[in-house]
Structures are given as structure tokens and as C-alpha cells.
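Colleague: test case, fold it:
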Amino acid sequence: MIETIEINVIPAFVNRGSFIELNGRERAQALFDKGSWRELVGPFDRIESPWLPMQGVAPQFDDGCVVIKGRITGKPAVAISLEGAFQGGSIGEVSGAKMVAALDLATIDSRDGKPTAAILLLETGGVRLQEANLGLAAIAEVIASILELRQYAPVITVIAGTVGCFGGMALAAGVSSYVVMTREARLGLNGPEVIEQESGKDEFDASDRALIWSIHGGEQRVGMGLADDLVEDSVDGIASAVQHFVTAGKPTQHRSEQVELYRRRIASLDASSQIDPLALREQWKGFNSKGRTR
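Modeller: Residues are numbered from 1 along each chain as shown. You can find the predicted model right below:
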């Protein structure tokens, strides 16, 4: 049995095309039908943050936000990819404006009878601290644009790792039509380091990797119904998941519209003792959108 695993599984894993190891631009390009895509407002347009140099931070010509338009399974789509290697994928004025413009143009096309899905590749800690107020305003506009577009076409968030998706952009993921995650990915409003900093190590030990992934990790988020698909770290696997949701179209009801479901889930929690993540996952599986067990 061990020999079979080594022969069949290990080479396939080693030889796969890792999605996580690609940069933000390569990730976006990998999702589109071959030869169908083009980049909008790319680095050669040199639209960068005017605020970072004032604080001694070197800007990036695309402000860490890549926008690519093309086709996925023959259907119009736009991908917006945040580069986690630049300022932790954080959102500022320029990157936020690029996201909003791309989403709004997709909405205009969708209203005109050309449904255009949006794929958000989110590797981000949230708002860029150097542009705090501008970043907060940008996130509010991004969420408003997602809510508008998702009436006409699906908005698909992909969180692959290793930066994760936290802060205000976690709210953007929450209002998306679908969320795709890998086991390496993390999703949460507040990151482990922030929780530990504000509430102490007894509240959350940011060095405990098992604890972090048992709460924020992709497997847990999908198991709790807070994300829709758990995929392995491979270009083909993630592209296939995106293709599936693009073809599926918008859901009959978005997760963020299921207010009563989540009120019942929260009301059922016993906060008098430490909640076990696996037990919580099983408990939450017992509810559907009408509160009945599956």
C-alpha cells in the first residue's frame, strides 16, 4: 500500500501546477480560456498610489491589483486579483478604484444582456494602513458594487493562501455569490495576530497553527457552510471550480441574505465554555435555510 501511494500520489502532487505559487497576475491569467484575455489598466499605465511615497513606501505601478477581462468556458468574465506579496494584498485608493470600476463595468455589460461574471482572487489583510480612510471608503464601494453585480451574474471569490482573506475584504467575500478555498487558505474578519494583540494570548494564541486553521482554515469554513467548495492547491483544480460556478450562474439565494438562518445558528451557541471547532461544524450542518435538519 505504501509503495502504491508513493508511485501514484506523490509524483502527481509534486508535478501538479501549484496555484498558490503563482503571482497575482499569473493566477488571474490561468482562469481564462486560452487566448481570450487582456489586462486592463496594467503596470505600463503606471497608475500607482500617490500616498505611499509620502510615507517612505515604494509604490507599485499596478498598485497590487490586477484586472483581466476575457472568457471562461466561452462566457464573458472579469478577474480581479490582489497581489499578496505587495503590502500584504491590502486595499488602498487606487487598487480599490480599479476593483470598483471593473465590477461596475461588468454590471453595465450584464444589464445590457451580456452577463459577465466576476472572479475575486483575494490574498489580503484588508485595508492598507497607510491609506486607512481611503481604504475603508474603497471597501464600502467594492461591497456596494458586488451587491449590484450579483443580481445579474455570479461573483466568485477564490482564497487560495497563504496570506488569507481578512478585514474588510472578508466582508466582500461574505457577500459574494460563491467562495472557493484551499486547505491552506484562511478566511476571517479579524486575523489571529490582531485578536491576540487586542485581547491577549489567552483569547487567541496566534502562534498555534492548529488552532488558527481549525477556525479560519478552508476545510472548516467549507464545513460550516461559510464557503462553497474546498479544492486542492492546483491550477487545474481551482480553474475547474471557477468554471463550474461561472456556468452555474447566480444562486437562488445568496449566503448574506440568509439572515434568519445565521440568527438561529448564533442563538444555539453555548458561550459558557470553549467551543470546539469540529463540534461546531457538525452542529451547524444540522441547519438549512429553513432551519430543518438535513
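Colleague: which parts of the stretch 151-294 of the chain are strands?
Modeller: For the stretch 151-294 of the chain, the strands defined by DSSP state E, counting those that start in this stretch occupy 155-159, 178-182, 229-231.
Colleague: could I get those strands as a markdown table with distance to Arg281 and mean pLDDT?
Modeller: In short, each C-beta sits where N, CA and C put it, glycine included. Formatted as a markdown table, the strands of the stretch 151-294 of the chain follow (distance: least, Cβ to Cβ, whole Å; pLDDT from 0 to 100):
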| stretch | distance to Arg281 | mean pLDDT |
| --- | --- | --- |
| strand 155-159 | 18 | 98 |
| strand 178-182 | 14 | 97 |
| strand 229-231 | 12 | 96 |
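Colleague: tabulate these (JSON lines), appending mean neighbour count.
Modeller: As requested, the strands of the stretch 151-294 of the chain are exported to JSON lines (neighbours: other Cβ atoms under 10 Å):
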{"stretch": "strand 155-159", "mean neighbour count": "28"}
{"stretch": "strand 178-182", "mean neighbour count": "27"}
{"stretch": "strand 229-231", "mean neighbour count": "20"}
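Colleague: okay, those strands in a markdown table with distance to Gln274 next?
Modeller: Below are these laid out as a markdown table (distance: least, Cβ to Cβ, whole Å):
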| stretch | distance to Gln274 |
| --- | --- |
| strand 155-159 | 26 |
| strand 178-182 | 25 |
| strand 229-231 | 25 |
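Colleague: flag the shaky bits of this structure, pLDDT-wise.
Modeller: 1-15, 286-294 (pLDDT under 70).
Colleague: how is it carved up into domains?
Modeller: Domains of the chain are assigned by automatic domain parsing as 24-252, 258-294.
Colleague: mind checking how far the spatially closest residue to Met169 that is not a sequence neighbour is from Ala185?
Modeller: Leaving aside its chain neighbours, Met169 sits nearest to Thr124 (4.6 Å; criterion: Cβ to Cβ, 6 or more residues apart in numbering). For Thr124, the distance to Ala185 equals 12 Å [Cβ to Cβ, to the nearest Å].
Colleague: between the two, what contacts are shared?
Modeller: Cys165 (Cβ atoms under 8 Å, 6 or more residues apart in numbering).
Colleague: now the helices: where do they sit in the protein?
Modeller: 2-8, 10-15, 24-30, 93-111, 132-149, 168-174, 192-199, 209-216, 218-223, 235-248, 259-267, 277-284 (DSSP state H).
Colleague: mind putting those in JSON lines, mean neighbour count included?
Modeller: Listed next are those as JSON lines, based on neighbours: other Cβ under 10 Å:
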{"stretch": "helix 2-8", "mean neighbour count": "9"}
{"stretch": "helix 10-15", "mean neighbour count": "10"}
{"stretch": "helix 24-30", "mean neighbour count": "20"}
{"stretch": "helix 93-111", "mean neighbour count": "21"}
{"stretch": "helix 132-149", "mean neighbour count": "19"}
{"stretch": "helix 168-174", "mean neighbour count": "23"}
{"stretch": "helix 192-199", "mean neighbour count": "15"}
{"stretch": "helix 209-216", "mean neighbour count": "16"}
{"stretch": "helix 218-223", "mean neighbour count": "22"}
{"stretch": "helix 235-248", "mean neighbour count": "19"}
{"stretch": "helix 259-267", "mean neighbour count": "12"}
{"stretch": "helix 277-284", "mean neighbour count": "15"}
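Colleague: looking at the ones you listed, spot the one closest to Val180.
Modeller: helix 235-248 (4.8 Å; Cβ to Cβ).
Colleague: same for that closest one, what does it pack against?
Modeller: helix 24-30, strand 65-72, strand 75-82, strand 117-121, strand 155-159, strand 178-182, strand 229-231 (3 or more Cβ pairs under 8 Å, 6 or more residues apart in numbering; DSSP states H and E).
Colleague: please redo it, this time with the cut-off set to 6 Å
Modeller: Contacts defined by 3 or more Cβ pairs under 6 Å, 6 or more residues apart in numbering; DSSP states H and E place helix 235-248 against strand 229-231.
Colleague: the strand it packs on: partners in the sheet, and parallel or antiparallel?
Modeller: Here strand 229-231 is paired, per DSSP bridges, with strand 178-182 (parallel).
Colleague: angle of the strand it pairs with against helix 235-248?
Modeller: 170 degrees (axes from the mean of the first three to the mean of the last three Cα atoms, to 10 degrees).
Colleague: fine by me, we can end here.
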